[in-house]
Every structure is written in C-alpha cells, then in structure tokens.
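# test case, fold it:
(one chain, ligands or ions: 1)
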Amino acid sequence: MSPLRRSRHDAQDKQRQLDRYRVDPEGRLTTDQGIPVDDTDNSVKVGERGPTIMEDFHLREKITHFDHERIPERVVHARGSGAYGHFRATESLAEYTKAEFLCDTSLETPVFVRFSTVAGSRGSADTVRDVRGFATKFYTRQGNFDLVGNNMPVFFIQDGVKFPDFVHAVKPEPHNEIPQASSAHDTLWDFVQLQPETIHMMMWLMSDRALPRSFRMMQGFGVHTFRLVNDAGRSVFVKFHWKPRLGVHSLIWDEVQKVAGRDPDFNRRDLWESIDAGRYPEWDLCLQIVPEEDEQAFDFDLLDPTKIIPEEMVPARPVGRLVLDRNPDNFFAETEQVAFHLGNVVPGIDFTDDPLLQARLFSYLDTQLLRLGGPNFTQLPVNQPVAEVRNHHRDGPHQTLIETARAAYHPNSLSGGCPALADEGAFRHYPERVQGHKVRKRSETFADHYSQATLFWNSMADWEKEHIVDAFRFELGNVTHWHIRKGVVGHLNHVDHDLAVKVAEGIGVAPPDRPVTLNHGRSSPALSQADQPGSVVGRKIAVLAAEGVSADDVRSVKEPLIDQGAFCHVIGPHDGSLPSTGGGVVEVDRALRTVSSVVYDAVVIPGGRTSVDILTGCGDAVHVVAEAFKHGKPIGAIGEGIDLLKAAPMLEGVRLADRHDGEVADTGVVTQAAGGGATRWFLHEFTDAIAKHRHWDRAKERVPA
Ligand code: HDD
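The predicted structure follows:
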C-alpha cells in the first residue's frame, strides 16, 4: 500500500500529506531526471555566437515543459480563488443524518473552498456582474463530500439538458468573442425572453447579490433540495445555506466597473490578505429541513431549482461553523486542480430527483476527465480524501500509486479477497420508490415562473429596487435587437408592473399600460441585504494625508481601527514619510496615484492645516472624497480635515461639525471640529458607520464621480 493511501484522520495529517510535495528551499537546480544544472540562462551553442544545438537536453526539457503548462480552463467558473479551513458541527444532527461530520461536534473536518465567477475566462476581472460559485470540499472520515453551490439560492434553468444552451447564450458571442465576463448582450437576453424559467434568477442577477463586496461577505447555497438519511434509514429533505458572520454586503455598479480596472483581483486579493492577516472568514452552515411527508405542502415544487423555500416558512437553522484559515501554497497545484463533483456524497447525504441535479451528477466527473487529463486526478493532493481509499482501479495517465496486489478484480482469492466489501458504514442509496412512464416532459408543478420573482422584488428595500431597475436598464440598453428588449419587459410585467414600466422607460420601449398579473404582495425579509450584521473586521480604510498632517489624528484613528481588525492605509501624495505637526513623521502606506477610493470601504481625513491645504488643491484627493460620498461610503474628518469635505462638490444637505456643535454624524459622514486626536465619540460613530457598510440616504445624484 502506497504511503499516500494510508488513512489520515485530521487536518494535520492532510498538511503532512501536502508537505511531501513542497520544494526543498535548500535544494539545487536539476532537470526532471535529477541531473544537476549549473546554467539556466544560456543555451548550448557552437561557439559563443553560433547556433544552438539540439543536444542541449536542459533547453529542450525546459521549453517542452513550458509549452505544456496550461490545462483547459473550466468551461464555466474558470476564474476562482480558494482557501483551506475547517468545519465543525455545533449541534448533533444524528436525528436526521448518519453523516458523521454533521453529528459529532468534537470533530474538526478539513475543507477546501473555491469561490468563482461563472461566465468569464480565467483572466477576467473579479468584480463583474455575475453569480459567484461557492464550492466546498469536506475531507470527512467517511470520504469526500462536495457541496458545489452558488451565492444565489436558485438557478437559471430547471432541467440540466438546457445547461449548454444557457452557457452558450451567456458566454461571449461566438463571432467576435465579445463581451468578456458580461451578461449585457443579445444572446443572453434572447435566451431569457424565450425561456421565462430564467426570470427569477435574473432578478437575483440584476440585484446587488451579483456584485459582492467580498467572498467573506457572501451567502452560499446548495440550491437543490437534497436528502439527509439517518441511521434508521429515515429521510428528510434539506436545503444547505452558508451565512457569513460579516453579513451580506455588496459593491455598486459604478464602483465595480472602476474596480475592474484598478484592481481586477479585488475579491481574490481581499480573501488572500484577510487570511494572511489572521482575519479568518467564517460562515454558519444553516439547514432548512422539511419532513418527507411535507413534500407536497408548498405552492411550488421542492424539486424545482428555480424556487427557494422562504425562510419565514422553514427557518434556516444554524448547525455548524466554517472557518477559512490557510491560503494555498501554489495556485495551480491546488486552486486550479481542485476537482469538485456534485456526486461526491457521504453516507447520510443523498440526492433528490431535481432534474438539474441529476444532470450535474454526470457533468462534473466528465469535465474533470478532460480538464485534469484522465481518471487519476483524485490522487492530486488537493483532491485526495483523508479517508482510506482501496479499490481495483488501475493504471491510466499520471498514475502515481505503485500497487503491489496481484488481483485487481473482485472477487479474488489471490489477494486474500482484498479489499473486502464494506459492511458497516457503506453508502447505500436511499431506496426511494419511483414509478412512471419514460417521458421527455416537464412537470406541471414547475410551471409558475413569476411568483417567486415577485416575492424577491417585494422583499427589496427602495435602494435595492433602484439598483435592480438600473441594472436591467444597463443590460437591456446594451441589447441591439428591440424585440428582445420588448420580450423581457413583457416578462417583467408579470413580475411587477411598476418594475416593468421603470425598466421600459429607461430603454426606449413602450411601457406596458396595465399589469398582466396582479402582484401577490407577499415578501420575505430574509432576501433583502438591508439590516445585515456588519463589523469593521477586514474593512479597508483610507487615511488621506500630506505634509503637515496631524500625527495625533492619524495615530488615534489608525491604531484602534487596526486593533478592531480593519486594514488602515495612510494615503499620501508620494511614498515615504510625511513631516507632521508636532515634529515627528507619518509613514505613507500607499501613494495616491496607485490607489483609488473604490478599493477602500471608508475614508478619513485627519487635521493639519498644511496637509489639508495641499489635499484641497489636489484634484485626485478631492475626487477620492467625492467618489466615496457618491458610493455611500462612511467618511470621517477631524479638525481642519473638514475643509477637504467642503472642497468636494457634495455637501448639499449634509450637516458638518463646526466650532459650535463640536461633533456631528450625518448620513455616514462623521465630523469632529476639534483637532488633537479622535475622540471616543468620533471612533464609536465612525466604526459604527463602517459596520453599516453603506449610507444610501444621501443626495448624491449631482456628485460627479
Ligand atoms: Fe456547475 C462548475 C455550481 C449547474 C456543470 N458549478 C461549477 C462550479 C460551481 C458550480 C460552484 C465551480 C467548481 C469549482 O470551483 O471548481 N453548477 C453550480 C450550481 C448549479 C450548477 C450551484 C445549479 C444549481 N453545472 C450545473 C449544471 C451543469 C454544470 C446544470 C451541467 C449539466 N459546473 C458544471 C461543469 C463545471 C461546473 C461543466 C465546470 C468546471 C467543473 O465543473 O469542474 O461540470
């Protein structure tokens, strides 16, 4: 038995297993055959200026390996980033499932999570409008369980046979491969208008959920209804949810487009830096559990992946905690080669007849065979189970195991009958009773495409509705065929008349004169991003400073924010240090020209007359403040720093501190008239404003940004 195949039961063992593959930093350069190499900068030539000779095996090997460095990118979810961590159940679910990792609260199960965008290529920007993948590999003692979900709880289509159609429609158009990583084009919306089952998901896609501030602030959903099966063989239906401890927060459209240029790795960097700094992201695993006998109790079909179970009907019960605490060592080896498969389930978790789920069961293994070049990809460290693996699979490309057993078949006597069939703890498919005719048909219970789209719309706060309308206007405004624009407006009129009219008015289509379907008026508060939990942990704060800045103000803001888990950067006119009031210096973390307000969550302007005068005369600094204001971000100013706010074209209606009232907090703008360091009041109000994420009730329309 190869050492790789021995049973390993905890995260430390997994780490040791990965260490095997690390390169020895003390080691000297060799070829792949282990032959020492003393010059890798010059090829072997006939004379110093002569032709290169084919005999140079180091040259040939180096170039050949390079030529073969790429593997096919994922056909969807090509761009992603991942991290290791662990999961622990917080209560035993033994009543519902025999999956050990959900029953034993003392067990820490290692995980690898990969977050992704769907439509773009590997090199596309992170912040595009798109669904985000949220795929989790649990290395459990009973084998690998992959929860391959998204950050939205529903999907575009009801039957997997339509997946290639949908993906072809949303990907760049075939003649010119434009646009990259964007749904704002004709083929996607053509598909949407002809396939109304997409409408509920399109409401999610047009909402702020498609523009997450951070992977750390994103919900995850298993989407399908799965089954849990307990020791006694009894089954319940279940929906899986991940709820981020930091709350669900998003960017806004103007911002994401700018971030895509300023920092295309925005979400990837955020995850990496947070873990690197020990600000480990955490999620609660929550389950919606439905007894089997309630299968028909809803006005939608539990097997329909375009439907949610509203949390007000079946609460999402927290049952465990996920923590991501280690960045991968090698992007390709781990994040690129990780292979998820919906079919990887452990005893106690099982499938339902959701037709989208059923098609996925085929697709994932199939795609890994192509992408990772054969059936032995489970031997790659990131894919290897910690559970013992023994079977009669043999050979194939990239086989790394040296199997010594003579018999590679069952039954056998030559290898003592090994491996013996499992008895205890074997996976046994839930013996669901099924009966029916073979038909290529869809159930009538899947026919309602609008009610839950309406539920989503009704549940949005006013600012969320505004963003949805703007998104539809932008996307459809990029569609060149008018019949497609009209077709979509027609569907929106089934969702909500007001929505349809507003979208139509923005895209030059005649607004529908009356509703086709009356809005049912129901809502589900759990769907809104208003009133989310929030914190300063992992938030990025810009401190705008120049020569003559008040060192007391900088220190009194920066230190407590960092202590609370925020990242705080002094942004100066140039790198290096700034002479400050009081004689000392303030170190600059980033020069103004290398950053922008869009890569920060909040801005603060310390006092210091000379500093504020320099910043007020600098268009880029004024722009940082104006743009942060426009994007609803918290802004703080101390002493003379308030003058920079006055220089930015935005103050209409906002109350600022002056000599008489000392301290004012208005719509996320926190100002303290006196200098000499931030007061406790200022810090409290400013951190509170950061935790609230954004402040929408500002008169920001006239602010250019
Ligand atoms: Fe899928 C990748 C999530 C429907 C076929 N899918 C993929 C990934 C995620 C999802 C997160 C990236 C995994 C990673 O990080 O490596 N997919 C979903 C969800 C779906 C869904 C939540 C609906 C509920 N997918 C779906 C269908 C099919 C596929 C219906 C095909 C019938 N998905 C694939 C794939 C991918 C994939 C082609 C591309 C790369 C890969 O699998 O490993 O097989």
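
# now do the helices in the stretch 151-300 of the chain.
163-170, 186-194, 199-205, 253-262, 266-276 (DSSP state H, counting those that start in this stretch).

# out of those helices, which is closest to the ligand?
helix 163-170 (3.9 Å; C-beta to the nearest ligand atom). Heads up, the C-betas are built off the backbone N, CA and C, glycines and all.

# where does this structure get nearest to the ligand, residue-wise?
Relative to the ligand, the nearest point of the chain is Gly133 (2.7 Å; C-beta to the nearest ligand atom).

# how about that residue: what's its closest non-neighbour residue?
Nearest-residue entry for Gly133: Ser116, 3.7 Å, with adjacent residues in sequence omitted and distances by C-beta to C-beta, 6 or more residues apart in numbering.

# quick one on the thing from earlier: how about the helices of the stretch 151-300 of the chain in TSV, adding mean neighbour count, mean pLDDT and distance to the ligand?
Converted to TSV, the helices of the stretch 151-300 of the chain look like this (neighbours: other C-beta atoms under 10 Å; pLDDT from 0 to 100; distance: least, C-beta to the nearest ligand atom, whole Å):
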stretch	mean neighbour count	mean pLDDT	distance to the ligand
helix 163-170	17	98	4
helix 186-194	20	98	15
helix 199-205	25	98	10
helix 253-262	18	97	20
helix 266-276	19	98	13
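
# mind giving me JSON lines with the ones you listed and columns for distance to Asp354?
Output for the helices of the stretch 151-300 of the chain, formatted as JSON lines (distance: least, C-beta to C-beta, whole Å):
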{"stretch": "helix 163-170", "distance to Asp354": "13"}
{"stretch": "helix 186-194", "distance to Asp354": "21"}
{"stretch": "helix 199-205", "distance to Asp354": "15"}
{"stretch": "helix 253-262", "distance to Asp354": "32"}
{"stretch": "helix 266-276", "distance to Asp354": "29"}
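
# indicate which one of those helices is closest to Thr480.
Checking those against Thr480 by C-beta to C-beta gives helix 186-194 as the closest, at 5.8 Å.

# so which residues on the stretch 1-150 of the chain come close to the ligand?
Within the stretch 1-150 of the chain, the positions near the ligand by C-beta under 6 Å from any ligand atom are Arg74, Val75, Val76, His77, Gly80, Arg114, Ser116, Gly133, Ala135, Val148, Gly149, Asn150.

# what's around the residue nearest to the last one when sequence neighbours are not counted, how many residues?
Leaving aside its chain neighbours, Asn150 sits nearest to Val131 (5.1 Å; criterion: C-beta to C-beta, 6+ apart). Residues contacting Val131 under the criterion other C-beta atoms under 10 Å number 23.

# who's in contact with Val131?
Thr117, Val118, Asn150, Asn151, Met152, Trp204, Leu205, Ala210 (C-beta atoms under 8 Å, 6 or more residues apart in numbering).

# with adjacent residues omitted, what lies nearest to the fifth one?
By that I understand Met152. Trp204 (4.5 Å).

# could you verify my assumption that the one you found touches Val154?
Yes - applying C-beta atoms under 8 Å as the test, Trp204 and Val154 come out as touching, 6.6 Å apart.

# and the contacts of the one helix or strand Thr687 maps to?
Element membership of Thr687, judged by DSSP states H and E, is helix 680-691. The contact list for helix 680-691, computed with C-beta under 8 Å, 6+ apart, reads 534-536, 539, 541, 556-557, 560-561, 564, 566, 601-602, 604, 634, 636, 638, 663, 665, 668, 670, 672, 678, 695.

# buried ones among the residues you listed?
Among the contacts of helix 680-691, those classed as buried by 16 or more other C-beta atoms under 10 Å are 534-536, 539, 541, 556-557, 560-561, 564, 566, 601-602, 604, 634, 636, 638, 665, 668, 670, 672, 678, 695.

# where does the prediction get shaky in the protein?
Flagging of the chain using pLDDT under 70 yields the residue ranges 1-25.

# what does it put close to the ligand?
74-77, 80, 114, 116, 133, 135, 148-150, 155, 160, 163, 223-224, 305, 338, 340, 356, 359-360, 363-364, 367.

# looking at those residues, which are in helices?
Phe163, Leu356, Ala359, Arg360, Ser363, Tyr364, Thr367 (DSSP state H).

# most neighbours of all these, which one?
Leu356 (22 neighbours).

# so that residue touches Val161, yeah?
No - when contacts are counted by C-beta under 8 Å, Leu356 is not listed as touching Val161 (9.3 Å).

# look at His684 and say how many residues are nearby.
Neighbour tally, His684, other C-beta under 10 Å: 14.

# following the one helix or strand Pro560 maps to, which helix or strand comes up?
Under the criterion of DSSP H and E, Pro560 resides in helix 551-563. With elements assigned by DSSP H and E, the helix or strand that comes after helix 551-563 is strand 567-572.

# okay, the angle between that following strand and helix 266-276?
120 degrees (axes from the mean of the first three to the mean of the last three C-alpha atoms, to 10 degrees).

# okay, buried residues for stretch 496-511 please.
Result for stretch 496-511 [16+ other C-beta under 10 Å]: buried residues Asp496, His497, Asp498, Leu499, Ala500, Val501, Lys502, Val503, Ala504, Ile507, Val509.

# over to the nearest residue to the second one once chain neighbours are set aside: give its phi and psi.
When the adjacent residues along the chain are set aside, His497 lies closest to Pro515, with 3.7 Å between them (C-beta to C-beta, 6+ apart). Per-residue torsions, Pro515: phi -70, psi 150 (degrees, to the nearest 10).

# what is the neighbour count of Pro515?
That count, for Pro515 with other C-beta under 10 Å as the rule, works out to 15.

# wait, isn't it in contact with Val495?
No - using C-beta under 8 Å, Pro515 is not in contact with Val495; the gap is 9.8 Å.

# I'd say the residue nearest to Gly133 and Asp130 touch.
No - contact criterion C-beta under 8 Å: Ser116 and Asp130 do not qualify, at 9.1 Å.

# the strands in the stretch 1-150 of the chain, which residues?
80-89, 109-117, 132-140, 143-150 (DSSP state E, counting those that start in this stretch).

# closest one to Ala426 among those?
strand 143-150 (10.7 Å).

# so what's Val604 bridging to?
Val543, Gly636 (DSSP bridges).

# residues in contact with it?
Counted by C-beta under 8 Å, 6+ apart, Val604 has contacts Ile541, Ala542, Val543, Leu544, Val557, Ile635, Gly636, Ala637, Ile638, Gly641, Phe686.

# which SSE is the first one in?
Under the criterion of DSSP H and E, Ile541 resides in strand 540-544.

# can you lay out the buried residues of stretch 496-511 as CSV showing secondary structure?
Below are those laid out as CSV (DSSP: H, G, I helix; E, B strand; the rest coil):
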residue, secondary structure
Asp496, coil
His497, helix
Asp498, helix
Leu499, helix
Ala500, helix
Val501, helix
Lys502, helix
Val503, helix
Ala504, helix
Ile507, coil
Val509, coil
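
# list phi and psi for Glu311.
phi -70, psi -20.

# my guess is it contacts Ser528. True?
No - Glu311 is beyond contact range of Ser528, at 11.5 Å (criterion: C-beta under 8 Å).

# quick one, phi/psi of the residue nearest to Asn150?
Main-chain torsions, Val131, degrees, to the nearest 10: phi -70, psi 150.

# buried residues, stretch 318-332. List them.
Buried-residue list, stretch 318-332, by 16+ other C-beta under 10 Å: Val319, Gly320, Arg321, Leu322, Val323, Leu324, Arg326, Asn327, Pro328.

# gap between the last one and Val382?
The spacing between Pro328 and Val382, counted by C-beta to C-beta, to the nearest Å, is 8 Å.

# list the contacts of the strand holding Ile541.
Here strand 540-544 has contacts from 554, 557-558, 561, 566-571, 595, 597, 599-606, 615, 621, 624-625, 641, 644, 690, using C-beta under 8 Å, 6+ apart.

# surely Phe446 meets Asp353?
No - counting by C-beta under 8 Å, Phe446 does not reach Asp353; the two are 11.9 Å apart.

# which of the two has more residues huddled nearby?
Counted by other C-beta under 10 Å, Phe446 and Asp353 do not tie: Phe446 has more neighbours, with 18 against 12.
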